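**Student:** I'll drop the sequence and a predicted model, then ask my questions.
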Amino acid sequence: MQPFRRLARHVAFAMLAILFTGQWVSSAPPNTLKETTLGTTRNVHQVGNLFLAGQPSEADFKILKQRKITRVITLRADSEIEWDEAAVAKAAGISYLKIPIAGLDAMNDDTFDAVRKQLKLGEKAGTLLHCASANRVGAVWLVYRVLDQGVELEKAVKQAKEVGMRVPIFETKARAYIKKNQNSQRSLETSVRPGINKRFLDTNLKVDEWVGRFEIESREVYAARNAVVKSTNVKVGTAIADIGAGTGFFTRLFSAAVGDKGKVYAVDISPRFIDHIEKHAKQDGLKNIKTVQCEENSVALPPASIDVAFTCDTYHHFEYPASTLASIHKALRPGGLLVIVDFERIEGKSKAFIMDHVRAGKEVFLREIEAAGFKLLDQSHISDSQENYVLRFTKQ
């Protein structure tokens with residue numbers, strides 16, 4: 001009888017939700033786009049606390065208040081509406097802001113900047129962004145979706161069209177703004193080690209030479225590879241990213257550990273390493289491996305796509321650590337694990353190679369990673385290790 005009682009409780013909760021709100025309570029993640037209703041308002045979609053829609057009527061403002069919408073942003077010019085929407089919003093106790101897009105010229109950088117700023121402010125409060133039909137809404141939301149919520153561009157374009165974007169020039173302007181701002185975001189962060197990955201970008205890189213350097217028992221992390229894998233807590237069904245996968249020996253170990261129900265993203269900046277991993281995965285029939293050629297400032301993974309992010313002797317190769325860590329943070333699911341294995345760099349103790357090659361010690365890396373939104377769980381050394389430490393963090 002227990003299953004039936006639990007079912008009854010769930011049904012009762014859902015019916016109460018309908019009674020008090022007029023809406024089904026959704027269990028969808030807060031970053032998920034879903035259709036909803038706001039009285040007679042056309043084309044309404046919701047993402048967390050953000051509502052995207054066409055023009056609400058005067059009567060709909062009472063419903064907005066019931067749905068805990070406390071902010072309304074309109075993209076319409078005064079000439080497009082015959083009644084005083086600002087006064088109606090004020091009477092309903094709702095904050096009201098105009099960012100008019102009265103023509104193509106108004107779909108510009110200043111407008112995109114202004115909307116992004118307001119949507120960031122509205123992430124924790126119910127906010128309605130509207131125009132006449134949600135056409136302009138879809139376009140300005142597209143840039144916010146990509147640049148501020150980390151959604152992959154083509155997926156975001158598809159969703160923007162679902163929301164209401166239908167004018168091709170709006171999409172063109174949004175894409176141009178996104179490209180420009182992605183480039184400027186990269187330039188805002190100064191490289192901590194210019195050119196550190198230059199040799200790996202060489203299309204003539206001799207992979208066999210690196211196999212000989214990476215996959216050798218005299219290398220600590222290779223000799224202790226099974227213990228390193230164990231530190232990641234991977235199990236059947238885990239989705240893990242091997243960031244800086246190199247020749248792919250950890251990728252192959254993870255593939256066996258997560259099984260057919262799991263996923264291994266082999267992430268590397270080197271096109272030759274990516275080709276090498278793809279070739280061997282195909283030869284060995286490892287269908288749960290997906291290669292990703294990343295950028296110098298991003299791991300290029302979809303949002304909330306992994307349970308574990310793993311990087312071994314690679315963190316010191318992050319040329320843009322803040323933006324790369326931000327991309328890892330977005331890629332991890334809530335409560336996800338970040339595992340960093342890197343070299344101990346201690347004055348007067350570490351080898352000359354480490355002192356010259358690794359830009360900073362563990363304490364510096366710790367501060368950088370925690371500043372990026374991660375909480376340290378524990379730190380340890382690989383068994384019998386002289387050179388490498390293990391840091392494990394959780395996403396906050």
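**Tutor:** Happy to help now that I have it.
**Student:** Just give me the residue right at the centre of this protein.
**Tutor:** With distances taken as Cα atoms, centre = their mean, Lys330 lies nearest the centre of the chain, 2.7 Å away.
**Student:** Isn't that residue up against Ala300?
**Tutor:** No: using Cβ atoms under 8 Å, Lys330 makes no contact with Ala300, being 10.8 Å away. Every residue, glycine included, has its C-beta placed from N, CA and C.
**Student:** give the contact list for the nearest residue in space to Ala132 that is not next to it in sequence.
**Tutor:** In space, not counting the residues next to it along the chain, Ala132 is nearest to Gln55; the distance is 5.3 Å by Cβ to Cβ, 6 or more residues apart in numbering. With Cβ atoms under 8 Å, 6 or more residues apart in numbering as the criterion, the residues that contact Gln55 are 41-42, 76, 81, 130-133.
**Student:** Any idea how far stretch 158-173 is from the middle of the chain?
**Tutor:** For stretch 158-173, the distance from its own C-alpha centre to the chain's C-alpha centre is 22 Å (Cα atoms, centre = their mean, to the nearest Å).
**Student:** in it, what counts as buried?
**Tutor:** Under the neighbour-count criterion of 16 or more other Cβ atoms under 10 Å, stretch 158-173 has 159-160, 163-165, 170-171, 173 buried.
**Student:** what does stretch 205-212 give?
**Tutor:** When burial is assessed from 16+ other Cβ under 10 Å, stretch 205-212 yields the following buried residues: 205, 207, 210.
**Student:** Thought Ile99 was touching Ala114, still the case?
**Tutor:** Yes: A contact is recorded between Ala114 and Ile99 when judged using Cβ under 8 Å, the distance being 5.1 Å.
**Student:** quick one: which of these two has more around it?
**Tutor:** Counting neighbours by other Cβ atoms under 10 Å for Ala114 and for Ile99 shows that Ile99 has the greater number, 21 against 14.
**Student:** now the more buried one: how far from Ala86?
**Tutor:** With distances taken as Cβ to Cβ, to the nearest Å, Ile99 is found 13 Å from Ala86.
**Student:** so what's Arg337 up against?
**Tutor:** Careful, residue 337 is Leu and not Arg. Residues near Leu337 by Cβ under 8 Å, 6+ apart: 232-233, 307-309, 377, 392-395.
**Student:** Show me the beta-bridge partners of it.
**Tutor:** Each beta-bridge partner of Leu337 is listed here: Val308, Thr394, as defined by DSSP bridges.
**Student:** Need the pLDDT of it.
**Tutor:** Leu337 is assigned a pLDDT of 98 by the prediction.
**Student:** now swap in Gly48 and tell me
**Tutor:** For Gly48, the model assigns a pLDDT of 87.
**Student:** hang on, the earlier thing: kindly present the contacts of Gln55 as TSV, with separate columns for neighbour count and distance to Leu64.
**Tutor:** TSV is the format used below for the contacts of Gln55 (neighbours: other Cβ atoms under 10 Å; distance: Cβ to Cβ, whole Å):
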residue	neighbour count	distance to Leu64
Thr41	22	9
Arg42	15	14
Arg76	18	16
Ile81	13	16
His130	26	10
Cys131	26	16
Ala132	17	17
Ser133	16	18
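**Student:** now, which of these lie within helices?
**Tutor:** Within the contacts of Gln55, membership in helices is found for no residue, as judged by DSSP state H.
**Student:** Now, the residues you listed that are in strands?
**Tutor:** When the contacts of Gln55 are checked against strands (DSSP state E), the matches are His130.
**Student:** pLDDT-wise, what's the bottom of the contacts of Gln55?
**Tutor:** Across those, the bottom pLDDT score, 90, is held by Ile81.
**Student:** closest to Val267 among the contacts of Leu337?
**Tutor:** Lowest distance from Val267 to the contacts of Leu337 (Cβ to Cβ) belongs to Ala309, with 8.9 Å.
**Student:** That closest one: neighbour count?
**Tutor:** Each residue near Ala309 was counted by other Cβ under 10 Å, and the total is 28.
**Student:** what's the model's confidence in the helix or strand encompassing Ile369, averaged?
**Tutor:** Assigned by DSSP states H and E, Ile369 belongs to helix 362-371. Across helix 362-371, pLDDT averages out at 94.
**Student:** ok, now which ones touch the closest residue to Glu189 other than its chain neighbours?
**Tutor:** Excluding the flanking residues, the one nearest Glu189 by Cβ to Cβ, 6+ apart is Tyr320, at 4.9 Å. Contact analysis of Tyr320 by Cβ under 8 Å, 6+ apart lists 186, 189, 191-192, 296-297.
**Student:** Turn the residues you listed into a markdown table, including neighbour count, pLDDT and secondary structure.
**Tutor:** Supplementary listing: these in a markdown table, determined by neighbours: other Cβ atoms under 10 Å; pLDDT from 0 to 100; DSSP: H, G, I helix; E, B strand; the rest coil:
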| residue | neighbour count | pLDDT | secondary structure |
| --- | --- | --- | --- |
| Arg186 | 15 | 60 | helix |
| Glu189 | 15 | 74 | coil |
| Ser191 | 15 | 87 | coil |
| Val192 | 16 | 89 | coil |
| Glu296 | 16 | 89 | coil |
| Asn297 | 22 | 88 | coil |
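**Student:** Grab the two from these that are most spread out in space.
**Tutor:** The farthest-apart pair in these, when distances are taken by Cβ to Cβ, is Arg186 and Val192, at 13.4 Å.
**Student:** how about the contacts of Gln55 in JSON lines, adding distance to Glu215?
**Tutor:** JSON lines is the format used below for the contacts of Gln55 (distance: Cβ to Cβ, whole Å):
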{"residue": "Thr41", "distance to Glu215": "60"}
{"residue": "Arg42", "distance to Glu215": "60"}
{"residue": "Arg76", "distance to Glu215": "62"}
{"residue": "Ile81", "distance to Glu215": "67"}
{"residue": "His130", "distance to Glu215": "58"}
{"residue": "Cys131", "distance to Glu215": "57"}
{"residue": "Ala132", "distance to Glu215": "61"}
{"residue": "Ser133", "distance to Glu215": "58"}
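**Student:** No further questions, thank you.
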